[in-house]
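*Asks:* Okay, predicted coordinates and the sequence, questions at the end:
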Amino acid sequence: MKSEGGRILIIDDDEAICDQIAFLLDREGYRTKTTYDGETALRMIGDSEFDLLLLDIKMPGMSGLEVLRQAKKYNRDLSVIMITGYAGVQGAVEAMKAGALDYLPKPFEHDEVVQLVRRTLRSRKLTYNDRQPAQAGAVCMSLADSMGPSNAVSRLISDVERVARSNFSVVIVGETGSGKELIARSIHQSSLRSKGPFVPLDCGAIPETLIESELFGYEKGAFTGASGSKQGQFEAAKKGTLFLDEISNMPFSSQAKLLRVLQEKSLYRVGSTASVRIDARLLAASNVDLRRAVQEETFRRDLYFRLNEFTIRIPPLRERKEDILYLAQRFMNSTNEELGKNVRAFTERAAESLIHYEWPGNVRQLRSTIRRAVLLAEDVIDWEHFDIQNLRDGPFCLPKTDSECNGTKRAKTSWSDLSLKEIVRQSTVAIEREVLVETLRKAGGNKAQAVRMLEIDYKTIHTKLKKYKISK
């Protein structure tokens, strides 16, 4: 697929690298220029406008990081990708602190370069191009900006682009906090129905006795307390999109009625004999695999096949670690703006902690963790500013002494025979169980209150309590 063009300056003291990248990008339709030192690069940036810099982080004379800082003075909105043979945490942290969007490790695959440039320029276009009108009531922000620069996110963006302008029903599968509603909103905003309403409904938050009246509406006197008529969410989503979140929690009887509505494209309000035509696209999300739910007979097979015209699976944050520092930086910046603070960076120790933690609560948990850290920090965020025990003295244990982690004694030999993956798994299980027990204790054993405190659905807490053999 050819690009729509873009002005790119490639800066690397290795002429072969410069020429190779220029060849790859020229072939894709981009307009490239090359130079081999920082001083010349800054003169070119001052004389011409570029959409993107591909900049080597380590060069003789003026370093890539210094070029980046100076280039941002010419144009603070300039997009920059660092090229580095030092793709470790410290290099990433320093580059992001100076304003880079991403980094390209050497050696690199040809497709990797093209995809990274295409994704970065697409993000720039959506963010800064004033000719692109904002959608009414929607935040004009690309998924790349919102979710991160990883290849996994790039594949999600491709899926959204592929299905958005169709009228297909879509099932979005992902763990709690992974961004299912964000994907759904992006599909709606990119669809032919974008001028219509986007109506979200959390099936896990509505009592079984009310789910049908919420979906289909009701007439006056249909049940006790129905003092007037009310349209349901299907009618509210007319000419737009209805998003059913955590659809796996919908009662079996309601699933049958939903299937009938989808097939006939009409519904009956509760207490009415008059049919109402519907015109809404349906998107559904689940934090469990609906195929497994079908096998376990907790979800109707026929409804699954009706909904599953297209599936988007969101990988958990622990499987796309390239996004963690990017998102952490983004949350730090937004919280700085909110609080009027100037926390400027993460220490290397803090960055290592963020990358190696498993994030069972995904992006939602990362966001709340960073917000609290910004509140507590003065200049930089260190590991001690994190409120999650596992980040401070967890699976890789960053000790103050050889035998102590935050005052908690640990036998150094206890994990000596285990792999890092197994250490992480065991620690995550222990922390998750501890959080569940403590939350239930605070909730006085009330599971519904615990669900609200943990921001999970009712079915999930039952599954976890059974898994960890936690009694009320």
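*Replies:* Structure received. Predicted model, so just to flag it, every value in this text is computed and none were measured. Numbering: from 1, shown residues only.
*Asks:* so where is the stretch 351-472 of the chain shaky, pLDDT-wise?
*Replies:* 389-425, 427, 472 (pLDDT under 70).
*Asks:* again, only this time at 90
*Replies:* Where the stretch 351-472 of the chain drops to pLDDT under 90, the residues are 351-353, 355-358, 382-472.
*Asks:* just so I have it, where are all the helices in it?
*Replies:* 362-376, 389-393, 420-442, 447-454, 458-467 (DSSP state H, counting those that start in this stretch).
*Asks:* between the ones you listed, which gets nearest to residue 260?
*Replies:* With CB to CB as the criterion, residue 260 lies closest to helix 458-467 of the helices of the stretch 351-472 of the chain, at 23.7 Å. The C-beta positions use only the backbone N, C-alpha and C, and glycine is treated the same way.
*Asks:* Please compute how far the closest one lies from its chain's middle.
*Replies:* Computed by CA atoms, centre = their mean, to the nearest Å, the chain-centroid distance of helix 458-467 equals 24 Å.
*Asks:* so what does that helix touch, helix or strand wise?
*Replies:* helix 420-442, helix 447-454 (3 or more CB pairs under 8 Å, 6 or more residues apart in numbering; DSSP states H and E).
*Asks:* Now it: buried residues?
*Replies:* Under the neighbour-count criterion of 16 or more other CB atoms under 10 Å, helix 458-467 has 458, 459, 460, 461, 464, 465 buried.
*Asks:* contact partners of it?
*Replies:* The contact list for helix 458-467 (CB atoms under 8 Å, 6 or more residues apart in numbering) reads 176, 204, 246, 248-249, 287-288, 432, 436, 447-448, 450-451, 454, 470-472.
*Asks:* 7 Å instead?
*Replies:* Residues outside helix 458-467 that contact it (CB atoms under 7 Å, 6 or more residues apart in numbering) are 176, 204, 248, 249, 287, 436, 447, 450, 451.
*Asks:* for stretch 279-294, same thing?
*Replies:* 167, 169-176, 180, 184, 187, 193, 234, 237-248, 262, 299, 301, 304, 307, 460.
*Asks:* So which of those sit within strands?
*Replies:* Under the assignment DSSP state E, the contacts of stretch 279-294 contribute 170, 171, 172, 173, 240, 241, 242, 243, 244, 245 to strands.
*Asks:* Show me what the helix or strand where residue 54 lies is packed up against.
*Replies:* Following DSSP states H and E, one finds residue 54 within strand 52-56. Contact here means 3 or more CB pairs under 7 Å, 6 or more residues apart in numbering; DSSP states H and E; on that basis strand 52-56 packs against strand 7-11, helix 64-74, strand 79-84, helix 110-128.
*Asks:* Quickly compare those and say which is most buried.
*Replies:* strand 79-84 (a mean of 24; mean count of other CB atoms under 10 Å).
*Asks:* Give the pairing partners of that one; include direction for each.
*Replies:* The strands that strand 79-84 pairs with in its sheet are strand 52-56 (parallel), strand 102-105 (parallel) (by DSSP bridges).
*Asks:* so how far is the first one from its chain's centroid?
*Replies:* When distances are taken as CA atoms, centre = their mean, strand 52-56 is centred 26 Å away from the chain's centroid.
*Asks:* Also stretch 433-444?
*Replies:* 27 Å.
*Asks:* Settle this for me: residue 382 is touching residue 349, isn't it.
*Replies:* Yes. Counting by CB atoms under 7 Å, residue 382 touches residue 349, with 6.4 Å between them.
*Asks:* ok, the two, which is more surrounded?
*Replies:* residue 382 (16 against 13; other CB atoms under 10 Å).
*Asks:* which ones are touching that one?
*Replies:* 347, 349, 350 are the contacts of residue 382 under CB under 7 Å, 6+ apart.
*Asks:* from memory the first one sits against residue 380, does it?
*Replies:* To tie it back to what came earlier, the one meant is residue 347. Yes. With contact defined as CB under 7 Å, residue 347 reaches residue 380; the gap is 5.6 Å.
*Asks:* Which one's more surrounded, these two?
*Replies:* residue 347 (16 against 13).
*Asks:* how many neighbours does residue 153 have?
*Replies:* 22.
*Asks:* measure it to residue 297 for me?
*Replies:* For residue 153, the distance to residue 297 (CB to CB, to the nearest Å) stands at 34 Å.
*Asks:* What is the neighbour count of the nearest residue to residue 367 once chain neighbours are set aside?
*Replies:* Nearest residue to residue 367, sequence neighbours excluded (CB to CB, 6 or more residues apart in numbering): residue 331, at 5.1 Å. When neighbours are defined as other CB under 10 Å, residue 331 has 19 of them.
*Asks:* same check, this time on residue 470
*Replies:* By other CB under 10 Å, the burial measure for residue 470, its neighbour count, is 13.
*Asks:* wait, it sits on residue 437?
*Replies:* Yes. Residue 470 is within contact range of residue 437, at 6.1 Å (criterion: CB under 7 Å).
*Asks:* Of the helices and strands packed on strand 52-56, which shows the lowest average pLDDT?
*Replies:* In terms of mean pLDDT, the lowest-scoring of these is helix 110-128 (a mean of 76).
*Asks:* Redo the helices and strands packed on helix 458-467 as a markdown table? Include mean neighbour count and distance to residue 100.
*Replies:* What follows is the helices and strands packed on helix 458-467, written out as a markdown table (neighbours: other CB atoms under 10 Å; distance: least, CB to CB, whole Å):
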| stretch | mean neighbour count | distance to residue 100 |
| --- | --- | --- |
| helix 420-442 | 15 | 28 |
| helix 447-454 | 16 | 36 |
